[in-house]
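Asks: predicted model, plus sequence, below.
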Amino acid sequence: MNRLAVATGLVFFVSFCGSAFAASAPDPSGTWNRGDGNAKVRIAPCGSHICATNVWIKDTSGGEAVGDKLVMTLKPKSADTLSGKAFDAKRSMTYAIQLKVAGQSLVTRGCVVGGLVCKSVNWSRAR
């Protein structure tokens with residue numbers, strides 16, 4: 001699995017503090033199941049940032065592991081979207097990232113190479 005796919009998959013899922021943004025900002029807090037069924041992530045505050053941390057991985061052969069973390073710096077872009085940067089220390093890579101929250105659904109989009117290479121991942125809230 002390529003680095004962008006792994007990082008996009010990882011991110012895209014974490015729990016974060018609702019006070020980190022204005023009340024009208026989208027809130028991706030919680031635990032999310034990745035659409036391909038291979039990962040579960042928790043989005044939560046970590047210091048002054050928001051982190052997406054893998055809490056469960058079905059198949060680790062692609063390089064993903066429980067505990068892998070994306071550290072995100074996000075700002076509201078619209079009523080349902082956050083955007084900013086995500087750093088993956090395991091791979092020493094920084095991505096442009098966008099999270100679109102719609103009720104029980106989350107779509108993450110990670111890009112590298114100045115936005116020329118992007119990947120979107122669908123998530124659903126874990127129960």
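Replies: Thanks, I have the structure now.

Asks: please count neighbours and contacts with C-alpha atoms only from this point.
Replies: Will do.

Asks: now the helix or strand that contains Lys77 - C-alpha only, PDB.
Replies: Element membership for Lys77 (DSSP states H and E) is strand 69-78. The C-alpha coordinates for strand 69-78 follow below in PDB (Å, rounded to 0.1, in the frame of the first residue of the first chain):
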ATOM      1  CA  LYS A  69      -1.100   8.600  14.700                       C
ATOM      2  CA  LEU A  70      -1.700  11.600  12.500                       C
ATOM      3  CA  VAL A  71      -1.200  15.000  14.200                       C
ATOM      4  CA  MET A  72      -3.500  17.500  12.600                       C
ATOM      5  CA  THR A  73      -3.700  21.300  12.600                       C
ATOM      6  CA  LEU A  74      -7.200  22.100  11.300                       C
ATOM      7  CA  LYS A  75      -9.400  25.200  10.800                       C
ATOM      8  CA  PRO A  76     -13.000  25.400   9.700                       C
ATOM      9  CA  LYS A  77     -13.400  25.800   6.000                       C
ATOM     10  CA  SER A  78     -17.200  25.600   5.800                       C
END
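
Asks: neighbouring contacts of the helix or strand following it?
Replies: Using DSSP H and E, the next helix or strand after strand 69-78 towards the C-terminus is strand 81-88. The contact list for strand 81-88 (CA atoms under 8 Å, 6 or more residues apart in numbering) reads 7, 25-26, 69-77, 93-101.
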